[in-house]
Each structure stands twice: as structure tokens, then as C-alpha cells.
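S.K.: whatever this is, show me its structure:
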Amino acid sequence: MGYVACMAVAGLLLSPATAGADPIIVPLPLDSPVSIDLNANPIVTFGTRTIDLTPALSNEFIAFLPAFGTPVDDGYRNTIAVRARDGLSQLTGFFPPSPDPAFPNQVPVFAVGTTNLLAFDVIIPGCCTRFAVTLVDLNGDVRNSEFSNPVPEPVSLVLVGSGLAFLLRKSRGR
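M.R.: Numbering: from 1, shown residues only. Purely as a prediction, here's the structure:
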């Protein structure tokens, strides 16, 4: 899934939760994969973020980061959530080696044909490092989703500050 598609899914997923059902609570970080039956309840809370997946239930695939990179030693811990509407037959991932030897990056074991949302964590080293998952449904349809670690906040502040300093200098020169 390209950047634009990821942003469209993110916009859909960031819409406010509908009133009614209590959300399924998924505490973070995930030390083991979690399987969530969205047909029973499509409203899920990951850590402190509640997402109503009702509008996405008809999508052929769902693949997103419900928890954006949480800093850990030498990297970021990311939560990935994936689902194939017509049943998942294969799930593969391209992840760099985890900087934590006790936490290997791997895709979860799942029951072939599951339509549940599968959520799992990976620890990705450094900033801006790319990683990806590939989903294949029972019909043979394929979806590739690429992600990357966030830019650390101090770097963002330096970039904004240097940009403002440049603009200030340029305006004084006139």
C-alpha cells in the first residue's frame, strides 16, 4: 500500500468512535500477537487510542499502525494490525533485525482463513527505517503495506528552528 493509501486509511481510522459498544481494550506494548474478532465488535482501543473500524470492514485488506513508534533503546516499538476480509492465507514481513535480542521481529502464527484483525509488535532500529508486511487472502489477492519509523521529536524541533532562523536571516537581508 502506497503512502497515499496509508494516509487515506489513517484518516478513516482516526475518525471518532461511534457511540454504542464498549471498545475492545488492547493494552500496549504487545508481548504476543492479539487476534480481534471485528465482526463481534469493530471498536478497538490500542493503548489510549480508540479506533472505530466499522467503515473499514468492507475493505478487502486492513493494514496500519495503531500505535505509532514508541521509543525504546536503539529503535522504536511499532504495533502493526492486519486483516484480510476474505480470510488470510499468508502473512510475511520484511523487518530489519530487532536491536533487542530477546524480542525477535517476526510475523505472528495465525489460523489460515481467519478474518480477525491480527495485531503484533516489532522493534525497528533507528529513525526513518522502512519495514513492510505482505498479506495474501484466500482468493490469492495480495496487499503490500510499507511503513517507516517516525522522525524523532528533537530532530523535528531542530529542523523547524533552523528553517525559522533561515527565514529570519533572509527577511533581515531585505
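S.K.: give the contact list for the residue nearest in space to the middle of the chain.
M.R.: What sits nearest the mean C-alpha location of the chain, by C-alpha atoms, centre = their mean, is residue 65, with 1.0 Å. Each residue near residue 65 by C-beta atoms under 8 Å, 6 or more residues apart in numbering is listed here: 78, 79, 80, 81, 147. Every residue, glycine included, has its C-beta placed from N, CA and C.
S.K.: right, and residue 69 touches residue 131 too?
M.R.: No. Residue 69 lies out of contact with residue 131 (C-beta atoms under 8 Å); the separation is 10.5 Å.
S.K.: neighbour count for these two, which is higher?
M.R.: residue 69 (21 against 18; other C-beta atoms under 10 Å).
S.K.: who are the contact partners of the more buried one?
M.R.: 76, 77, 78, 124, 149, 150.
S.K.: against residue 103, how distant is it?
M.R.: 15 Å (C-beta to C-beta, to the nearest Å).
S.K.: what about the strands in the protein?
M.R.: Secondary structure of the chain (DSSP state E): strands at 24-26, 34-36, 43-46, 49-52, 61-72, 75-84, 88-94, 117-125, 130-137, 142-148.
S.K.: in a markdown table: those, plus mean pLDDT and distance to residue 109.
M.R.: Converted to a markdown table, those look like this (pLDDT from 0 to 100; distance: least, C-beta to C-beta, whole Å):
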| stretch | mean pLDDT | distance to residue 109 |
| --- | --- | --- |
| strand 24-26 | 94 | 18 |
| strand 34-36 | 96 | 10 |
| strand 43-46 | 95 | 21 |
| strand 49-52 | 95 | 24 |
| strand 61-72 | 89 | 18 |
| strand 75-84 | 95 | 13 |
| strand 88-94 | 97 | 9 |
| strand 117-125 | 96 | 10 |
| strand 130-137 | 97 | 15 |
| strand 142-148 | 96 | 19 |
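S.K.: sweet, I'm off.
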